[in-house]
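Engineer: Sequence isn't available, so here's the structure alone:
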């Protein structure tokens, strides 16, 4: 009996939160974040970049969603249900932000023409309100790249 109640509750939660996942749209962040691309060309022609993005107003993500994983819950099924829903909503918001950062990077690289043949991601840090992705272009710098972007004398 207890297992049946839990199964029905789980199905109900998944069905109600499933609709929220379908409405996730990267356009939700239009005008709500700033990004920039820092491009660097080393003397040997290696092309590196750092892409940074941040929300213009971190309070756009409700505190409840930012702290959902740390929120304690009582013993009642209603408390547990609310906790699970808050975690699912926080996860959906995080996935939306990650997709927005990735889309922003792709569009920025496309518009700048910096990594024409793609890139290798060196590392990434994505938090609730800011992100940074570092990468290395697959192709080396040509003369046009060297004119457009300053060559760094630092060898790594």
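Structural biologist: Ah, there it is. Owing to the predicted nature of the structure, the values given are computational and were not obtained by experimental measurement.
Engineer: Okay, now the unreliable bits of the protein?
Structural biologist: 1-30, 58-75, 153-156 (pLDDT under 70).
Engineer: all strands in it, in order from the N-terminus.
Structural biologist: 33-42, 47-55, 119-126, 130-137, 151-152 (DSSP state E).
Engineer: Looking at these, which is nearest to residue 105?
Structural biologist: Taking C-beta to C-beta, strand 47-55 is the member of the strands of the chain nearest to residue 105, at 4.7 Å. C-betas here are computed from N, CA, C, even on glycine.
Engineer: max-length helix in this structure?
Structural biologist: Taking DSSP state H as the criterion, the chain has its longest helix at helix 77-112.
Engineer: Buried residues in it, which are they?
Structural biologist: 81, 83-84, 86, 88-90, 92-94, 96-97, 100-102, 104-105, 108-109 (16 or more other C-beta atoms under 10 Å).
Engineer: rewinding a little: can you lay out the strands of the chain as TSV showing distance to residue 145?
Structural biologist: Compiled in TSV, those are given as follows (distance: least, C-beta to C-beta, whole Å):
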stretch	distance to residue 145
strand 33-42	6
strand 47-55	7
strand 119-126	14
strand 130-137	9
strand 151-152	9
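Engineer: wait, which of those is closest to residue 144?
Structural biologist: Nearest of the strands of the chain to residue 144, taken as C-beta to C-beta: strand 33-42 at 11.1 Å.
Engineer: Same question for that closest one: list its buried residues.
Structural biologist: Residues of strand 33-42 classed as buried: 33, 37, 39-42 (neighbour count, 16+ other C-beta under 10 Å).
Engineer: now swap in stretch 112-122 and tell me
Structural biologist: Within stretch 112-122, the residues that count as buried by 16+ other C-beta under 10 Å are 114-115, 119.
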